[in-house]
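# Coordinates for the following, if possible.
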Amino acid sequence: MANENGAIGWDDDVSESEVKGGGKREDFVVLPDGEYPFAVAKVERGTFAGSKKVPPCNKVDVGVIIDGGDKGRSYVTKMFLMHTTTLGFIYEFLTSLGLHKKGEGAGPIPWGKVQNGMEGRCKVSSRTYTTRDGESRTSNEVKKWLAPAAASEQSGLSDDLDDLK
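Numbers count the residues shown, from 1 in each chain. Sure, this is the predicted structure:
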C-alpha cells in the first residue's frame, strides 16, 4: 500500500484501486492531432530537482483528460516549472481555464483556484518515443492551451470525470 503521499515501497502490496490520474491506462487512446476540450483531473505541487537549463524550483504536475468524442479520451500529464523562463506556459494554461487575462497586474499565480473538473480547450499532437526497453510507443501531448470559448461551447466533460476515477 502506498503511503499518504503516494510513494510505494519496494515490497508494498498494491492494487489497481490505488491507480491515480483519472483512470486506467487501457481506458485511454491516442487521439489524432487537433483541438479538443479537456477537464482537469489532477493537480499536484512538488519540487523540481533542476536540470542543465532550469535550476531547482517548485513545480506543479497537472493531469488532464482530453475528450475526443467518438474517438475516445486521452490522459496527458503536464509539468509546469515555477520559473520565470516558463511563466508564459503557466499563463497560457491558466488563461485556457479562464483564470488569467493578458495584461493583468502582478500577483501570485492562482494555482489554488485550479480544481479538478475545470474545463478548457487545447491543441493536441501525438509523439512517438522509445521506452528504456527499446519499445516504440505513441502518446498525446498538449502543444498549446487555447483561450476559452464561449460558455455555450463547453463540453460538459467534467460531468463525466467521476466515472473515470
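# can I get the CA coordinates of stretch 94-105 in CSV?
Only the C-alpha atoms of stretch 94-105 are listed here, as CSV (Å, rounded to 0.1, in the frame of the first residue of the first chain):
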residue,chain,number,x,y,z
LEU,A,94,-4.4,29.5,-16.7
THR,A,95,-5.9,31.5,-19.5
SER,A,96,-7.4,28.4,-21.0
LEU,A,97,-9.2,27.8,-17.7
GLY,A,98,-10.4,31.5,-17.5
LEU,A,99,-8.1,32.2,-14.5
HIS,A,100,-5.9,34.7,-16.2
LYS,A,101,-6.3,37.5,-18.7
LYS,A,102,-3.5,39.0,-20.7
GLY,A,103,-2.3,42.3,-19.1
GLU,A,104,-3.5,41.5,-15.6
GLY,A,105,-1.3,43.1,-13.0
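# Quick one: residues in contact with that stretch.
The set of residues external to stretch 94-105 that reach it, using CB atoms under 8 Å, 6 or more residues apart in numbering, is 40, 91, 109-110, 113-114, 118-122, 145-148. Where C-beta positions appear, they are placed from N, C-alpha and C, glycine not excepted.
# Going through the residues you listed, which ones are buried?
40, 91, 109, 114, 118, 119, 120, 121, 122, 145, 146 (16 or more other CB atoms under 10 Å).
# farthest pair in these?
By the measure CB to CB, 109 and 121 form the most distant pair in the buried ones among the contacts of stretch 94-105, at 20.7 Å.
# Return the distance of residue 28 relative to residue 44.
19 Å (CB to CB, to the nearest Å).
# more neighbours, those two?
Ranked by neighbour count (other CB atoms under 10 Å), residue 28 and residue 44 place residue 28 first, with 21 against 15.
# what's the closest non-adjacent residue to that one?
Counting by CB to CB, 6 or more residues apart in numbering, residue 28 lies nearest to residue 75, which is 4.7 Å off, once chain neighbours are set aside.
# what helix or strand does that neighbour sit in?
If you go by DSSP states H and E, residue 75 is part of strand 73-81.
# contacts for that strand?
21-23, 27-31, 38, 41-42, 48, 54, 57-68, 86, 89-90, 93, 124, 139-142, 164.
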